[in-house]
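Visitor: The following block contains a protein sequence and its predicted model.
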Amino acid sequence: MSSEVFDCIVIGAGIQGSCTAYQLAKNKQKTLLLEQFVLPHSRGSSHGQTRVIRKTYEEDFYIQMMHESYELWAQLEREAGVELHRRTGLLVMGPENGEGFSRLKATMQKHKIPTVFLEKQEFSQHIPNVNLADGNGALIDTFAGVLYADRALRAVQRLFQSCGGVIKDGEKVIDIRPGVEVTVTTGSGVYRGRSLVISAGPWANTLLTHTGLQLPLKVVKINVCYWKEKIPGTYSVGQSFPCFIEMEPKEGEYDIYGLPSNEYPGLMKVCYHMGSETEPDERDKQTDRGDIDILVRYVTRCLPGLVPVPAVVESCMYTVTPDHNFVLDSHPTYSNIIIGAGFSGHGFKFGPIVGKLLSQLAMGQVPSYDLSPFRIQRFQSHARSSL
Ligand SMILES: Cc1cc2nc3c(=O)[nH]c(=O)nc-3n(C[C@H](O)[C@H](O)[C@H](O)COP(=O)(O)OP(=O)(O)OC[C@H]3O[C@@H](n4cnc5c(N)ncnc54)[C@H](O)[C@@H]3O)c2cc1C
Ligand SMILES: O=C(O)[C@@H]1CCCC=N1
């Protein structure tokens with residue numbers, strides 16, 4: 001074991017761990033970022049070319065955090081000297097009188113988020129090639145857009161290293177010993193840190209086992225589907241086609257969302273916001289296509305300009321909490337172990353602000369937002385502590 005002691009060790013170089021490590025290094029903390037796979041990789045939750053960024057949330061706390069997250073993304077773009085974001089707008093469609101859509105409308109108005117409310121009659125003028133279901137309302141968050149995910153992840157990791165941060169990839173953490181100095185063992189080394197951040201995405205519970213804690217997290221495999229435009233360009237960024245979310249497309253179904261064709265010319269990404277449960281290391285053995293069946297029916301019904309058979313299917317994972325809110329908290333027993341987990345399929349856009357909050361916790365500072373929606377304690381009846 002080296003005599004070197006890090007101020008902080010971060011486990012997991014996905015977007016949350018990388019942003020946290022960068023914030024720590026910027027704050028002059030000697031930081032080690034450990035990643036089990038050789039970077040870049042496509043086995044977790046942060047890979048792929050694009051993600052939606054939006055302020056369109058029903059909850060005040062997410063909107064407040066997104067105000068700052070947008071600023072931090074812009075700052076990262078300046079620091080890295082690369083474009084990480086493209087404004088496209090986000091179309092949200094949902095049952096006009098349904099609880100979710102009504103609450104969303106009200107929150108958008110309350111926070112004065114620039115929003116266009118579309119009447120049924122004017123919908124097809126503004127959004128050609130999309131069929132708005134009977135009884136559905138529509139709004140556009142005009143500031144929303146696309147984040148270039150792979151590019152962003154690389155940029156943050158580079159910035160971290162340029163502040164003196166150390167990345168060790170291809171090093172799987174196999175043991176954690178809590179203490180005033182936390183001892184972390186990988187396949188090839190033993191490291192000590194005054195604090196530890198666990199941001200291991202789908203593997204969060206595997207690592208937390210070493211600390212006697214289990215969280216109620218469900219890991220699901222997402223089939224990331226791309227659909228061919230019948231006429232190339234119909235749903236493209238070039239034609240100003242927005243991202244979209246269809247809330248509750250059918251009773252009991254999860255949201256469906258899409259991003260304009262961009263990364264693969266002529267192909268539009270349209271996905272189901274849920275998948276089937278999987279072990280993170282067994283992702284490719286999960287072959288359920290129930291989500292794809294739902295998408296085929298949706299594309300046929302609502303996106304007539306797409307061929308209703310996915311042309312490309314890639315894989316990614318969500319780590320879902322019971323209330324779909326994140327976990328941003330200190331370990332209930334070891335205050336120098338910080339946990340960022342359960343991003344429930346919507347965490348990428350929050351990366352820079354999550355990084356700031358987890359770094360504040362790791363440095364023993366008071367976090368700059370009220371973290372009560374994200375506390376482990378909310379799972380009281382679920383969280384199992386064997387301590
Ligand atoms: C298909 C899909 C679409 C999405 N769309 C959006 C969107 O439009 N907008 C949005 O905001 N969010 C979106 N998300 C969610 C977002 O991408 C995730 O919330 C986010 O990437 C989670 O990041 P993470 O760092 O927590 O996890 P990960 O990216 O999984 O990172 C965890 C890392 O920890 C490493 N690790 C685990 N165990 C160990 C170990 N023992 N030792 C060392 N390293 C370890 C893993 O290898 C991994 O690299 C989407 C997610 C998916 C899958
Ligand atoms: O987080 C997002 O914005 C996307 C789109 C809606 C469903 C999940 N991810």
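Guide: Alright, I've got the coordinates. Numbering: from 1, shown residues only. Ligands and ions are numbered 1, 2, ... in the order given.

Visitor: quick one: the residue sitting nearest the centre point of the chain from ligand 2, how far?
Guide: Nearest to the geometric centre of the chain sits residue 347, at 2.6 Å (CA atoms, centre = their mean). Note on residue 347: its distance to ligand 2, by CB to the nearest ligand atom, to the nearest Å, is 8 Å. Every C-beta, even on glycine, is put in place using the N, C-alpha and C of the backbone.

Visitor: Please report the distance of that residue from residue 38.
Guide: To residue 38, residue 347 is 23 Å away according to CB to CB, to the nearest Å.

Visitor: How about residue 340?
Guide: The gap separating residue 340 from residue 38 is 22 Å, by CB to CB.

Visitor: who has more neighbours, these two?
Guide: Neighbour tally, residue 340 and residue 38, criterion other CB atoms under 10 Å: the higher count belongs to residue 340, 30 against 9.

Visitor: Quickly list what that one is bridged to.
Guide: Beta bridges link residue 340 to residue 328 when assigned by DSSP bridges.

Visitor: isn't it right next to residue 196, touching?
Guide: No: applying CB atoms under 8 Å, one finds residue 340 not in contact with residue 196, separated by 11.4 Å.

Visitor: re the thing from before, can you tell me which residues contact the residue nearest to the centre of the chain?
Guide: Contact analysis of residue 347 by CB atoms under 8 Å, 6 or more residues apart in numbering lists 15-16, 45, 326, 354.

Visitor: Which residues are in contact with the residue in the stretch 1-150 of the chain positioned nearest to ligand 1?
Guide: Of all residues in the stretch 1-150 of the chain, the one sitting closest to ligand 1 is residue 14 (2.0 Å; CB to the nearest ligand atom). Residue 14 makes contact with 44-46, 153, 199, 201, according to CB under 8 Å, 6+ apart.

Visitor: who in this structure is up against ligand 2?
Guide: Residues of the chain lying close to ligand 2 (CB under 6 Å from any ligand atom) are 52, 54, 245, 255, 257, 273, 345-346.

Visitor: Let me know the closest of those to ligand 1.
Guide: Among the residues of the chain next to ligand 2, and counting by CB to the nearest ligand atom, the member closest to ligand 1 is residue 52, at 3.4 Å.

Visitor: from what I can see residue 328 touches residue 360, true?
Guide: No: Residue 328 is beyond contact range of residue 360, at 9.9 Å (criterion: CB under 8 Å).

Visitor: and for those two, which residues touch both?
Guide: In contact with both residue 328 and residue 360: residue 367, using CB under 8 Å, 6+ apart.

Visitor: Compare those two and say which is more crowded by neighbours.
Guide: Neighbour totals were compared for residue 328 and residue 360, and residue 328 leads with 26 against 21 (other CB under 10 Å).

Visitor: I'd like to know how many residues surround the residue of the stretch 51-200 of the chain found nearest ligand 2.
Guide: Ligand 2 sits closest to residue 52 of the stretch 51-200 of the chain, with a gap of 3.5 Å, by CB to the nearest ligand atom. When neighbours are defined as other CB under 10 Å, residue 52 has 21 of them.

Visitor: What's the separation between it and residue 105?
Guide: On the measure of CB to CB, residue 52 and residue 105 end up 19 Å apart.

Visitor: again with residue 328
Guide: From residue 328 over to residue 105 (counting by CB to CB), the distance is 28 Å.

Visitor: What is the burial count for the closest residue to residue 67 other than its chain neighbours?
Guide: Leaving out its chain neighbours, the residue that sits closest to residue 67 by CB to CB, 6 or more residues apart in numbering is residue 55, at 7.2 Å. Close neighbours of residue 55, defined as other CB under 10 Å, add up to 23.

Visitor: and residue 3, which of the three is it?
Guide: coil (DSSP: H, G, I helix; E, B strand; the rest coil).

Visitor: Cheers, nothing more for now.
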